[in-house]
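A.B. asks: build me a model from this:
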Amino acid sequence: MNIEEVLDASGMNEFIRFPWKVYQGNPNWVPSLKSEVKFLLSKEKNPFFQHAEAACFLARKNGVTVGRIAAIIDHNHIKFHNEQAGFFGFFECLPDCEVARELLDTAARWLKERGLGIMRGPMNLSTNDECGFLLEGFDSPPMIMMTYTPAYYLDYMERCCLAKAKDLYAYIVVIRDVAAGGRLEKLAAAVKARIPGLTVRPAVMNQFQREVEAVKVIYNSAWSRNWGFVPMTDAETGVMAKKLKPLIVPELMIMAEVHGKPAAFFVAVPDYNQVLGKINGRLGPLEIAKFMWYSRKISDIRILTMGVKEEYRRKGIEGLLYLEAFKAAMKKGYERAEMSWILEDNVLMQRGCELMGGKLYKKYRIFEKTIS
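C.D. replies: Predicted structure coming up:
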């Protein structure tokens, strides 16, 4: 076996294409856009690399590519958590534990040479991106910006001496069932009576930059105590906004204000994985036509994120945001919503999902090991 660092465009193209070999014939795998993966790994274009570094590796047996991995150092994570932790990501390998071992050892060695004592993953590239190996829920495709991985990866991690770091949960809910019965309507009335000056509205797309700035401030404040959180920089927020803007349905991006000042936000997007599964990672003229056609047929949404300023937490604003988004989703014909991902120890959020009839239907696991 030979492990080679990716150092040129040809190697990067091979790195990006490799998952097609792993998931050939698997109907539940959704190919990522090759251009999007290329952007994520571009040290010149992706602002993540203004505070991070990474190395990509390919594993070959007898000249045939059999696996890939990236080793990642996020200096903002190190500063924010005061933790000498690095990450591995973009892990894929054919069914061969020895390949997995060599890839993981290579990533750990690269991190150790740079003074880090913990390796954690998978992160593609951080918790602000896709992360985790699928633990439960292999019988259905993932929703947008969630992962799908083979079950044997879990076994390989344990055999390679990585231990569980944290599990992430995904809940699924039937939107019409949540809106029935008037429970959220009663909650919304009580919340508005409790917080004078509270208003909720859909995003104003011709003032999208202003909306994004409000989201960033609330997000970085509301999520700061969460496990694995790293605040997004202005440049990263700008790139994320540019990427998401074409996907945003204004009625599913809800802004809450108190006396005109931002208090909370809620962002859900249509499950474009239902479209990406039709275009096989490409976005040429034919694929764009397919994208436009199948975009009209999306049946589900994914709740990407929600944040509430500290002074307004535990007052029911979350339920009000869900109500407004689900009412809008029903009008547009969406049937189900995924609430993900939620930390396994975020009991408050889990109970909220369950009160709305949400069912825990997928789990993801992040692993770690000491490398010092």
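A.B. asks: the nearest residue to Cys161 once chain neighbours are set aside - how many residues pack around it?
C.D. replies: The spatially closest residue to Cys161, leaving aside those adjacent along the chain, is Lys369, at 5.8 Å (Cβ to Cβ, 6 or more residues apart in numbering). Backbone N, C-alpha and C define where each C-beta goes, glycine included. Using other Cβ atoms under 10 Å, Lys369 is surrounded by 17 other residues.
A.B. asks: list the residues that contact Lys369.
C.D. replies: By Cβ atoms under 8 Å, 6 or more residues apart in numbering, Lys369 lies in contact with 108, 118-119, 160-163.
A.B. asks: ok, 6 Å please
C.D. replies: 119, 161-162 (Cβ atoms under 6 Å, 6 or more residues apart in numbering).
A.B. asks: what strand or helix carries it?
C.D. replies: Taking DSSP states H and E as the criterion, Lys369 maps to strand 359-370.
A.B. asks: could you give the bridge partners of the residue most central in space within the chain?
C.D. replies: For the chain, Glu130 is the residue whose C-alpha lies nearest the centre (Cα atoms, centre = their mean; 3.9 Å). Counting by DSSP bridges, Glu130 forms beta bridges with Asn124.
A.B. asks: quick check: it touching Thr147?
C.D. replies: Yes - contact criterion Cβ atoms under 6 Å: Glu130 and Thr147 qualify, at 5.2 Å.
A.B. asks: quick one on the thing from earlier: scan the contacts of Lys369 and report the most crowded one.
C.D. replies: Neighbour counts for the contacts of Lys369 (other Cβ under 10 Å) peak at Met119, which has 24 neighbours.
A.B. asks: sec struct for that one, please.
C.D. replies: Here Met119 takes the strand state, with states given by DSSP: H, G, I helix; E, B strand; the rest coil.
A.B. asks: relative to Val258, how far out is it?
C.D. replies: Per Cβ to Cβ, to the nearest Å, Met119 is found 43 Å from Val258.
A.B. asks: mind listing what Phe90 touches?
C.D. replies: Each residue near Phe90 by Cβ under 6 Å, 6+ apart is listed here: 70, 124.
A.B. asks: and Lys34, what does it touch?
C.D. replies: Neighbours of Lys34 in contact, by Cβ under 6 Å, 6+ apart: 16, 281.
A.B. asks: and it, its phi and psi?
C.D. replies: The phi/psi pair for Lys34 (degrees, to the nearest 10) reads phi -60, psi -40.
A.B. asks: give me the pLDDT for it.
C.D. replies: With respect to pLDDT, Lys34 scores 96.
A.B. asks: for the one 5 residues further on, same thing?
C.D. replies: Reported pLDDT at Phe39 in the predicted model: 96.
A.B. asks: now for the chain, the helix or strand with the poorest mean pLDDT.
C.D. replies: When each helix and strand of the chain is scored by mean pLDDT, DSSP states H and E, helix 183-194 comes last, with a mean of 79.
A.B. asks: please save the CA atoms from that helix in PDB.
C.D. replies: Extracted C-alpha coordinates of helix 183-194, given in PDB (Å, rounded to 0.1, in the frame of the first residue of the first chain):
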ATOM      1  CA  ARG A 183     -51.000  23.800  19.900                       C
ATOM      2  CA  LEU A 184     -48.400  26.000  18.300                       C
ATOM      3  CA  GLU A 185     -51.100  28.700  17.700                       C
ATOM      4  CA  LYS A 186     -51.800  28.900  21.400                       C
ATOM      5  CA  LEU A 187     -48.100  29.000  22.200                       C
ATOM      6  CA  ALA A 188     -47.600  31.800  19.700                       C
ATOM      7  CA  ALA A 189     -50.400  33.900  21.200                       C
ATOM      8  CA  ALA A 190     -48.900  33.400  24.700                       C
ATOM      9  CA  VAL A 191     -45.400  34.300  23.500                       C
ATOM     10  CA  LYS A 192     -46.500  37.500  21.800                       C
ATOM     11  CA  ALA A 193     -48.400  38.500  25.000                       C
ATOM     12  CA  ARG A 194     -45.300  37.700  27.100                       C
END
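A.B. asks: and the next helix or strand past that helix?
C.D. replies: strand 198-202.
A.B. asks: and the angle for whichever helix or strand comes after that following strand with strand 198-202?
C.D. replies: Note on strand 198-202: by DSSP H and E, the next helix or strand toward the C-terminus is helix 208-222. Counting by axes from the mean of the first three to the mean of the last three Cα atoms, to 10 degrees, helix 208-222 lies at 130 degrees to strand 198-202.
A.B. asks: pull out the buried residues from helix 208-222.
C.D. replies: By 16 or more other Cβ atoms under 10 Å, the buried positions in helix 208-222 come out as 208, 211-216, 218-220, 222.
A.B. asks: all the helices of the chain, in order from the start?
C.D. replies: 9-17, 19-22, 34-40, 75-81, 97-112, 152-159, 175-179, 183-194, 208-222, 234-244, 273-276, 285-295, 317-331, 347-355 (DSSP state H).
A.B. asks: quick one: strands adjacent to the strand holding Lys369?
C.D. replies: Paired strands of strand 359-370, with direction, are strand 118-121 (antiparallel), strand 133-136 (antiparallel), strand 163-174 (antiparallel) (DSSP bridges).
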